[in-house]
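Colleague: below is the sequence, then the predicted model.
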Amino acid sequence: NAGVMQNPRHLVRRRGQEARLRCSPMKGHSHVYWYRQLPEEGLKFMVYLQKENIIDESGMPKERFSAEFPKEGPSILRIQQVVRGDSAAYFCASSGTGERQPQHFGDGTRLSIL
Amino acid sequence: TQLLEQSPQFLSIQEGENLTVYCNSSSVFSSLQWYRQEPGEGPVLLVTVVTGGEVKKLKRLTFQFGDARKDSSLHITAAQPGDTGLYLCAPRFSGSARQLTFGSGTQLTVLP
């Protein structure tokens, strides 16, 4: 499967724990984007990364959320000290290098906070 | 914050009917992508439009990009139950780099 791979597909955490969501981009893509879909809401942009660089994090909450895309391995979205309001579907997309290259999405990680 | 409107929000039609979904903003799009999303899955790319006035066809789906690049439409001819899903327009606004802005979507149900 050469598509965008996200894992885990479902993640359950208790309040105060950490959540780590992983995304492997499509083969040949070096640009990764994270979006969040809250219940009954549309997808909202969070962060855009290239290898080892955060390019645009204008959609990231100021606290508890961080993202990385290391030279080797998948992109990671990390949420520390999770709260109930973090429950959502988190989608990763990847694209090629050109500015108008389309974004292809993974099937998401559904995060549930108990 | 650029505002994006997608209409209708819900649409339920019989198999064989035609339908059109609209995506509008008061701001200019540098490009626009249409996606379809099914429950429990990620959005699947249908088409990218870039040039004002552009028309693209994908089987029974016709996508138009407005001349002023502030609106787009998706027309489905002879809808089938397999077309059921959430249709999302996702423009990239001029000056917003690469982030996509998603509308709330049109939930289409095609009844057999």
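Modeller: Great, that's in hand.

Colleague: what parts of chain A come near chain B?
Modeller: By C-beta under 8 Å from any C-beta of the partner chain, the residues of chain A that approach chain B are A:4, A:6, A:31, A:33, A:35, A:41-45, A:48, A:55-56, A:58-59, A:91, A:93, A:95, A:99-100, A:102-108. Where C-beta positions appear, they are placed from N, C-alpha and C, glycine not excepted.

Colleague: just the buried ones from the residues you listed, in ChimeraX syntax?
Modeller: In ChimeraX, a selection of the buried entries from those looks like this (16 or more other C-beta atoms under 10 Å in any protein chain shown):
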select /A:4,6,31,33,35,42,43,44,45,48,56,59,91,93,95,102,103,104,105,106,107,108
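
Colleague: which ones among the residues of chain A next to chain B map onto strands?
Modeller: If you go by DSSP state E, the residues of chain A next to chain B have A:6, A:31, A:33, A:35, A:43-45, A:48, A:55-56, A:91, A:93, A:95, A:104-105 in strands.

Colleague: what parts of chain B come near chain A?
Modeller: Residues of chain B found near chain A (C-beta under 8 Å from any C-beta) are B:30-31, B:33, B:35, B:40-45, B:48, B:50, B:88, B:90, B:92, B:97-105.

Colleague: among those, name the buried ones.
Modeller: The neighbour-count test (16+ other C-beta under 10 Å) applied to the residues of chain B next to chain A identifies B:30-31, B:33, B:35, B:41-45, B:48, B:88, B:90, B:92, B:98-105 as buried.
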